[in-house]
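>>> Starting from these lines, generate the structure:
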Amino acid sequence: MAKILVAEDDKDIRNLLVDILDDVGYEAPEAKNGADAVEQIQSSQPDLLLLDLMMPVMDGFEVLNRLRDNPETSDMPVVILSAVPSRKGELRAWRLGVRHYIPKPFASERVHLSVKIALREADEAQTEAALAAGQTGVIQPAQITENQSATESSGAAVDSSFIRTSHRALNELLGGGIVPGSLVLIEGDTKSGKSVISQNLVFDALQKGMGVQYFTTGGSSKRLVKRMHSIGLDVSGHVREDRLVVSEMTQPKLQKSSWEINPGKILQSLMSEMEDLPSELDIIVLDDLTDQLDFASSVDADEFITDCRNLADNGKTVILTTQSHSLEGEKRDPTEEASDLRMELELIKIVGTEGTLLKLLKSSTVEIREDSQIAFKVAKKVGIERLDLTRTRN
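Numbers count the residues shown, from 1 in each chain. Here you go, the predicted structure:
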């Protein structure tokens with residue numbers, strides 16, 4: 001039984017967290033401030049720290065500094081849970097080695113998922129360290145090629161900490177991949193590769209035993225299987241097993257001066273369908289939601305994105321693709337704020353080769369820099385093929 005130390009100054013929230021962890025079998029001692037947390041860590045050595053940031057005596061950031069400065073606790077997994085605005089708190093926590101950040105208010109499912117993933121990552125890191133030190137007789141898995149996913153590497157264990165693409169450099173840009181339970185926003189021009197990125201993530205999720213609901217404007221499951229097969233991703237078996245379910249999204253329709261099929265109603269109906277999905281469908285893909293968001297009112301769009309955020313907080317991974325113009329004006333800020341990960345795709349040419357420039361604009365797992373970008377083209381049977389950005393663009 002893992003021991004999770006709950007460091008939270010608010011008694012009601014602390015009791016709630018203890019109950020949430022106790023319900024799934026964790027031992028959950030309590031700390032009412034940062035200094036108390038540091039003392040208990042030194043004396044009882046918990047397996048993970050669930051840490052509030054704003055606490056008396058010693059705040060969460062000081063606790064993190066103390067842990068990282070001590071060789072005995074430097075590798076302790078930590079999950080941040082705080083009302084500090086995520087854009088401010090996440091980056092500072094990231095610099096101190098924390099990859100899991102839960103904003104308040106929170107759902108119990110989000111706590112369960114973040115703790116589970118953080119513990120698994122810590123176990124895997126220990127195993128890798130032991131392998132590197134030659135402390136076990138296990139043969140290390142073969143190296144992954146640039147265009148090979150972790151699940152395809154011979155002998156490699158399945159790692160569900162991230163949902164990955166088939167391209168190593170892109171996974172590295174994303175900080176490892178997509179964290180399950182995230183709201184992912186992929187913006188880009190038509191034919192820029194939004195669907196290809198989504199389909200890569202879907203393939204990896206299916207390989208790891210997850211279930212996927214794929215909403216598309218592009219037709220049936222047969223057509224999706226064919227499109228994915230063209231880029232080297234065979235999902236036909238998953239469709240037959242009902243682990244990949246494909247549904248077509250309704251498009252807005254304007255009749256003269258009034259809506260025959262109202263975009264706001266479409267979003268409401270779509271959300272009702274998403275909320276009623278069976279629990280085994282862990283991933284929801286909305287590809288492509290441009291017209292629905294573009295023609296919907298800012299109120300309807302904001303409500304839909306908020307509901308997507310709630311689904312992610314309750315453990316679903318929601319991947320939404322759209323063209324950038326659908327989020328102009330009042331729709332932009334709420335959508336950007338709600339998302340955990342945001343990518344923007346732009347059509348480019350590099351020495352006469354048509355491709356896409358992918359820019360990482362927001363992430364909960366990696367720091368955004370000026371060079372947080374990668375160029376690629378979509379190749380038959382290969383999928384994502386990297387282009388050299390150092391070459392002169394035409």
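>>> ok, now which ones touch the residue nearest to D294 when sequence neighbours are not counted?
What sits nearest to D294 in space, not counting adjacent residues and going by CB to CB, 6 or more residues apart in numbering, is S326, at 3.9 Å. Every residue, glycine included, has its C-beta placed from N, CA and C. By CB atoms under 8 Å, 6 or more residues apart in numbering, the contact list for S326 reads L289, T290, D291, L293, D294.
>>> Got a quick PyMOL command for the buried subset of those residues?
The following PyMOL line selects those of the contacts of S326 that are buried, judged by 16 or more other CB atoms under 10 Å:
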select buried, resi 289+290+291+293+294
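>>> could you redo the contacts of S326 as JSON lines and give each row distance to G383, secondary structure and pLDDT?
Shown next, in JSON lines, are the contacts of S326 (distance: CB to CB, whole Å; DSSP: H, G, I helix; E, B strand; the rest coil; pLDDT from 0 to 100):
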{"residue": "L289", "distance to G383": "23", "secondary structure": "coil", "pLDDT": "93"}
{"residue": "T290", "distance to G383": "23", "secondary structure": "helix", "pLDDT": "93"}
{"residue": "D291", "distance to G383": "27", "secondary structure": "helix", "pLDDT": "92"}
{"residue": "L293", "distance to G383": "27", "secondary structure": "helix", "pLDDT": "93"}
{"residue": "D294", "distance to G383": "28", "secondary structure": "helix", "pLDDT": "92"}
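>>> Okay, now the unreliable bits of this structure?
Scanning the chain for pLDDT under 70 picks out 84-95, 127-160, 391-394.
>>> Can you give the domain ranges for it?
4-128, 150-387 (automatic domain parsing).
>>> which residues are in contact with stretch 300-315?
Around stretch 300-315, the neighbours that count as contacts under CB under 8 Å, 6+ apart are 106-107, 109-110, 112-113, 180-183, 263-264, 267-268, 270-271, 274-275, 282, 284, 293, 296, 318, 320, 327, 330-331, 334-335, 338, 340.
>>> Would you mind giving me the ChimeraX syntax to select the buried ones in those residues?
For the buried members of those, the matching ChimeraX selection, counting by 16+ other CB under 10 Å, is:
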select :106,107,110,112,113,180,181,182,183,263,264,267,268,270,271,274,282,284,293,296,318,320,327,331,334,335,338,340
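>>> Let's see which of the contacts of stretch 300-315 end up in helices.
Among the contacts of stretch 300-315, the members falling in helices (DSSP state H) are 109-110, 112-113, 263-264, 267-268, 270-271, 274-275, 293, 334-335, 338.
>>> Just give me the closest of the residues you listed to E27.
H112 (15.0 Å; CB to CB).
>>> Show the contacting residues for that closest one.
By CB under 8 Å, 6+ apart, the contact list for H112 reads I20, V24, G315.
>>> May I have the phi/psi pair for the residue of the chain positioned farthest from its centre?
Farthest-out residue of the chain from its mean C-alpha position, per CA atoms, centre = their mean: K256, at 41.1 Å. Torsion angles at K256 (phi, psi; degrees, to the nearest 10) stand at phi 60, psi -110.
>>> Next: the one 4 residues further on.
Backbone torsions for E260, taken as degrees, to the nearest 10, come to phi -80, psi -40.
>>> What helix or strand is E346 located in?
Per DSSP states H and E: E346 is located in strand 341-350.
>>> Now distance to I384 too, for the contacts of S326, in CSV please.
As requested, the contacts of S326 are arranged in CSV below (distance: CB to CB, whole Å):
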residue, distance to I384
L289, 22
T290, 22
D291, 26
L293, 26
D294, 27
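>>> And the contacts of S326, which is closest to T73?
Proximity of the contacts of S326 to T73 (CB to CB) peaks at L289, which lies at 44.3 Å.
>>> burial measure for the nearest residue to that closest one once chain neighbours are set aside, as a count.
What sits nearest to L289 in space, not counting adjacent residues and going by CB to CB, 6+ apart, is T322, at 4.9 Å. The tally of other residues near T322 (other CB atoms under 10 Å) stands at 22.
>>> For T322, what are phi and psi?
Here is the backbone geometry of T322 (degrees, to the nearest 10): phi -160, psi 160.
>>> Quick one: the helices in the stretch 51-200 of the chain, in order.
60-69, 86-95, 108-132, 168-173, 194-207 (DSSP state H, counting those that start in this stretch).
>>> my read: E385 touches A375, true?
No: with contacts counted by CB atoms under 8 Å, E385 stays clear of A375, the gap being 10.0 Å.
>>> So for those two, which residue has more residues nearby?
Counted by other CB under 10 Å, E385 and A375 do not tie: A375 has more neighbours, with 19 against 15.
>>> Spell out the secondary structure type for that one.
strand (DSSP: H, G, I helix; E, B strand; the rest coil).
>>> Kind regards, and thank you for your time.
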